[in-house]
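S.K.: what's the 3D shape of this:
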Amino acid sequence: MLSLDDYRGRPPAGSEYLGAYKLESDRSFSPLSKEKSADQAEMEELINQMLRSPNKAIGFEAKNFMPS
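M.R.: As a prediction, the model looks like this:
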């Protein structure tokens with residue numbers, strides 16, 4: 001994987017964005033979904049709460065730690 005720093009701030013001529021992919025354990029790539037799962041959305045909201053109020057205690061419900 002290369003960043004723009006590797007190209008001195010400019011991507012090479014003719015390059016284009018082809019999408020986001022995840023490297024799986026079997027060394028294959030799978031496309032990332034653009035839609036967030038309910039767990040991802042819940043985690044993002046928790047992180048946003050923590051960032052907005054870093055000194056506020058945030059409680060966790062038992063259901064978050066129990067398998068469903």
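
S.K.: contacts and neighbour counts: CA atoms only from here.
M.R.: Will do.

S.K.: I'd like to know how far residue 31 sits from residue 43.
M.R.: Residue 31 is 21 Å from residue 43, where distance means CA to CA, to the nearest Å.

S.K.: Ok, residue 14 next?
M.R.: Distance from residue 14 to residue 43, by CA to CA: 37 Å.

S.K.: So those two - more neighbours on which side?
M.R.: residue 43 (12 against 5; other CA atoms under 10 Å).

S.K.: Checking my notes, the more buried one in a helix, right?
M.R.: Yes - per DSSP: H, G, I helix; E, B strand; the rest coil, residue 43 lies within a helix segment.

S.K.: Which parts of this structure are strands?
M.R.: 21-23, 29-31 (DSSP state E).

S.K.: Now do the same contact list for residue 39.
M.R.: For residue 39, no residue meets the contact criterion (CA atoms under 8 Å, 6 or more residues apart in numbering).

S.K.: Next one: it from residue 46, what distance?
M.R.: 11 Å.

S.K.: Next: residue 27.
M.R.: Distance, residue 27 to residue 46, by CA to CA: 32 Å.

S.K.: Next, count neighbours for residue 49.
M.R.: So residue 49, with other CA under 10 Å, has 13 neighbours.
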